[in-house]
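1. based on what follows, work out the 3D shape:
(chains A and B, ligands or ions: 1)
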Amino acid sequence: MKVLVGVKRVLDYSIKVRPNAAKTAVDLKGAKIMNPFCEIAVEEAIQMKEKKKAKEVIAVSIGDKTAAETIRAALAMGADRGIHVLTNQRIDSDLQPLAVAKIFKHVFEENKTDLVLLGKQSIDDDANQTGQILAAMLDVPQATFASEIEFADDGDLIVTREIDAGLQKVKISVPSVITCDLRLNQPRFAKIPDIIKAKRKKIQTLKLEKLDIDTEPRAKTIKVDNPEVREGGVMVDNVDDLMSKLREDKII
Amino acid sequence: MFASRRALKLVAKKYPSVTTNGKRSISLLVNSNGLNEEQRMIQEAAMSFSETLLMPNAAEWDEKKHFPKDVIKEAADYGFAGIYVKEDVGGVNLGRKEASLIFEALSTGCVGTSAYISIHNMCAWMIDVYGNEDQRQKYLPSMTTFDLFGSYCLTEPNSGSDAIAMKSTAEDKGDYFLLNGEKAFISGAGDSDVFLVMAKTGEKEISCLIVDGDTEGLKFGKNETKMGWNVQPTRAVIFEDCKIPKENLLGSRGQGFKIAMSGLDGGRVNIASCSLGGAAFCLDTATEYIKTRKQFGKPLANFQYLQFKLAQMATDLEASRLMVRNAADMIDQNNEEKTMYCAMAKYFATEKCMDLVDYALQMHGGYGYLREYPIERYYRDLRVHRILEGTSEVMQLITSRNLLKD
Ligand SMILES: Cc1cc2nc3c(=O)[nH]c(=O)nc-3n(C[C@H](O)[C@H](O)[C@H](O)COP(=O)(O)OP(=O)(O)OC[C@H]3O[C@@H](n4cnc5c(N)ncnc54)[C@H](O)[C@@H]3O)c2cc1C
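-> Numbering: from 1, shown residues only, chains lettered A, B, ... in the order given. The predicted structure follows:
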């Protein structure tokens, strides 16, 4: 089985995000990390390889030239090779799930892949759409929010999904698309011997503009702003005070 | 970049200050500026290791004087047991700058463990570079997996700074050397397996011998009771008529002192790196502390004296980092003046980082003096860096000697 894993480069979640001066988008200055859900997807793919279920793991990232660093991180974790779809479009806002899904469809078909593992969402735009759109476009089964992936004897996958009502098990055939949730696994740390090996692994670069894919954003951002600052409250001594305060402010 | 973010969550409870909680945008805990992608990944890997396996346990190991051999063994998996040892014997063949980044990162979590690993690396490197093929193949594949632990034996009870005045002798007996004498303050001794011993093979001739841990006549003193570095043993090593096979001579006869000193160039950069990591942790911790601790009705961080002090500490840390990383580069480039630059870096970094930690403790007031807070442990651990692998005074001696030479 050939597994395609999406690895998106996002702003480090420990950085406090700010709108840019024009308030059109988030200011992207600061450290970048691999989207944590993508990291989980990479780990799962590597575990499949270790269990001899996957033959090859291909890490794909779309973005400017720095996206290659995120691919390199996936290679250091154990992915076999990388595909870098080079574009200067902003991947947190301008390049939207529909376009990303189209790009993945292209890569999927070019590489004759059997399984696509994606994060359930990325922590920048929090869209949670790419996997679903991709499965529909490829017309293959999908299992989203995976918290466990097992292999059935007939070659199908049994995926445990985290849904509002609890855990749901679905059996899907390959090829298919799975999106990974937080509890699927604990991603490993890269080790130095693997980091060195990763240096020798191949990353293929595809120029997005040469792929003939319509990536025009369909949704338009009107404004990006800070959440309203919370106003300071007052401490009340007892329930009576609380009630009169609430009445005073016409809340009750 | 990736892994340590998870790790940070794990330590968030224990040391709130080391986590970036969203409010802070600047931390001097690590500095990756000017590093290439691979170096940043290496730094990240070492930070992850430090944050998950060292930091949460270091206080307990210190308290119980526990040498964490199991965790050190795990470090080998990450490539930390043969950082600048060649790949054919299991090393990862990186440069000294990378080694410095690793020891700095590891010592943010546990200074003593990081320092022991650095000594082991120095020993492995000595065998890699000066050893013949048989010696390399015999020892290094096991040293780079931490199946064998290394110790460096130069100091004697009566010769420390004046190491050349050593008394230990290795008498040539035809097919073996008869080793007699005593080495003092040997890190790892009693728990280690391979000893690189400097001894006199003639009136004015010092040689380096590889001594196996199971050699007959090899004895150890008690584990010294120390101020810091409690996570690793320090013992006297005593040789009583030890028969050391001729094939265990490292390099050639009379080359021992040179081998010992060339190991120390890197060793000094490593020890200085351990000071950097410890100081970086304390700076970070103190910065957070003064933001939350209130006196006179406002956070301590609002007092200008403490603000300036903090700026001075941060500046000293950064200056030290630059010197240490520069010295590391000079070893890699085999610069003629590397010994002097290593000495200057060790002198500056170990002194400045000590002052920094001292003041980080001061900023914590009485709490800084308590074991409940981590600072006093870093204080105790960093103190010895001004003494071992050449004291600050000896570093100045080396530097001035180089400056004044004709
Ligand atoms: C925890 C610990 C671990 C150690 N591990 C090892 C190890 O693994 N292997 C090993 O070989 N050694 C080890 N050492 C020994 C260490 O390297 C020595 O302690 C150090 O070199 C200083 O030697 P000394 O203690 O004999 O001090 P001395 O040489 O007696 O110095 C005493 C003081 O005099 C100063 N001084 C000496 N000569 C001069 C001078 N010419 N001008 C000005 N000042 C001078 C010194 O700087 C120092 O302040 C370790 C020491 C400690 C504490």
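2. spit out the contact partners of whatever residue of chain A ends up closest to the ligand.
-> Across chain A, the shortest distance to the ligand (Cβ to the nearest ligand atom) belongs to residue A:192, at 24.6 Å. In this view, the C-beta of every residue, glycine as well, is placed from N, C-alpha and C. The contact partners of residue A:192, taken as Cβ atoms under 8 Å, 6 or more residues apart in numbering or on different chains, are B:42, B:45, B:78-80, B:83, B:92, B:94.
3. what's the burial count for the residue of the stretch 151-300 of chain B found nearest the ligand?
-> Residue of the stretch 151-300 of chain B nearest the ligand, by Cβ to the nearest ligand atom: residue B:160 (1.7 Å). Residues contacting residue B:160 under the criterion other Cβ atoms under 10 Å in any protein chain shown number 17.
4. is it fair to say residue B:226 lies in a helix?
-> No: per DSSP: H, G, I helix; E, B strand; the rest coil, residue B:226 lies outside any helix segment and is coil.
5. chain A versus that one, what's the distance?
-> According to Cβ to the nearest Cβ, to the nearest Å, residue B:226 and chain A sit 30 Å apart.
6. report the contact partners of that residue.
-> B:234, B:384.
7. and residue B:301, how far from residue B:360?
-> Taking Cβ to Cβ, to the nearest Å as the measure, residue B:301 falls 13 Å from residue B:360.
8. these two: which is more packed in?
-> The neighbour comparison of residue B:301 against residue B:360 (other Cβ under 10 Å) goes to residue B:360, with 28 against 18.
9. my guess is the more buried one contacts residue B:290, does it?
-> No: Residue B:360 is beyond contact range of residue B:290, at 9.7 Å (criterion: Cβ atoms under 8 Å).
10. number of nearby residues for whichever residue of the stretch 101-250 of chain B sits closest to chain A?
-> Of the stretch 101-250 of chain B, the residue with the smallest distance to chain A, taken as Cβ to the nearest Cβ, is residue B:102 at 8.1 Å. Counted by other Cβ under 10 Å, the residues lying close to residue B:102 total 32.
11. over to the one 5 residues further on?
-> Counted with other Cβ under 10 Å, the neighbours of residue B:107 add up to 34.
12. which parts of the helix or strand containing residue B:181 are buried?
-> Assignment of secondary structure by DSSP states H and E places residue B:181 within strand B:176-187. Neighbour-count burial for strand B:176-187 flags B:176-177, B:179-187 (criterion: 16 or more other Cβ atoms under 10 Å in any protein chain shown).
13. quick revisit: what residues are up against the residue of the stretch 151-300 of chain B closest to the ligand?
-> Contacts of residue B:160 by Cβ under 8 Å, 6+ apart are B:184-185, B:391.
14. ok, so what distance separates the closest residue to residue B:178 other than its chain neighbours from residue B:241?
-> For residue B:178, ignoring the flanking residues on the chain, the nearest one in space by Cβ to Cβ, 6 or more residues apart in numbering or on different chains is residue B:171 at 4.4 Å. Residue B:171 sits 10 Å away from residue B:241, going by Cβ to Cβ.
15. comparing those two, which shows the higher neighbour count?
-> Between residue B:171 and residue B:241, residue B:171 has the larger neighbour count (other Cβ under 10 Å), namely 14 against 10.
16. ok, now which ones touch that one?
-> Here residue B:171 is in contact with B:177-178, B:180, B:201 (Cβ under 8 Å, 6+ apart).
17. and it, what's its pLDDT?
-> On pLDDT, residue B:171 comes in at 97.
18. from residue B:155, how far off is it?
-> Distance, residue B:171 to residue B:155, by Cβ to Cβ: 21 Å.
19. repeat that for residue B:113.
-> 21 Å.
20. how about residue A:5?
-> Taking Cβ to Cβ, one finds residue A:5 at 53 Å from residue B:155.
21. which of the two has more neighbours?
-> residue A:5 (29 against 19).
22. could you show me where the strands are in the stretch 151-300 of chain B, in order?
-> B:169-172, B:176-187, B:194-202, B:205-212, B:218-220, B:234-245, B:249-250, B:294-295, B:298-299 (DSSP state E, counting those that start in this stretch).
23. so which of these is nearest residue B:262?
-> Of all the strands of the stretch 151-300 of chain B, strand B:205-212 sits nearest to residue B:262, with 10.6 Å by Cβ to Cβ.
24. now do the same contact list for the residue nearest to residue A:148 when sequence neighbours are not counted.
-> Leaving aside its sequence neighbours, residue A:148 sits nearest to residue A:160 (Cβ to Cβ, 6+ apart; 3.9 Å). Residues in contact with residue A:160 (Cβ under 8 Å, 6+ apart) are A:146-150, A:167-169.
25. quick one on the thing from earlier: I'd like the buried residues of strand B:176-187 as CSV, with distance to residue B:322 and pLDDT appended.
-> Putting those into CSV (distance: Cβ to Cβ, whole Å; pLDDT from 0 to 100) gives the following:
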residue, distance to residue B:322, pLDDT
B:176, 48, 97
B:177, 44, 98
B:179, 42, 98
B:180, 45, 98
B:181, 41, 98
B:182, 40, 98
B:183, 35, 98
B:184, 34, 98
B:185, 30, 98
B:186, 32, 98
B:187, 28, 98
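26. list the contacts for the single nearest residue of the stretch 1-150 of chain B relative to the ligand?
-> The stretch 1-150 of chain B approaches the ligand most closely through residue B:119 (5.8 Å), counting by Cβ to the nearest ligand atom. By Cβ under 8 Å, 6+ apart, the contact list for residue B:119 reads B:150-152, B:187-188, B:267.
27. wait, is it part of a strand?
-> No: Residue B:119 is assigned helix when assessed by three-state DSSP, not a strand.
28. and the pLDDT for it?
-> Per-residue confidence (pLDDT) for residue B:119: 98.
29. how about residue A:238?
-> 95.
30. next one: residue A:227
-> At residue A:227, pLDDT is 89.
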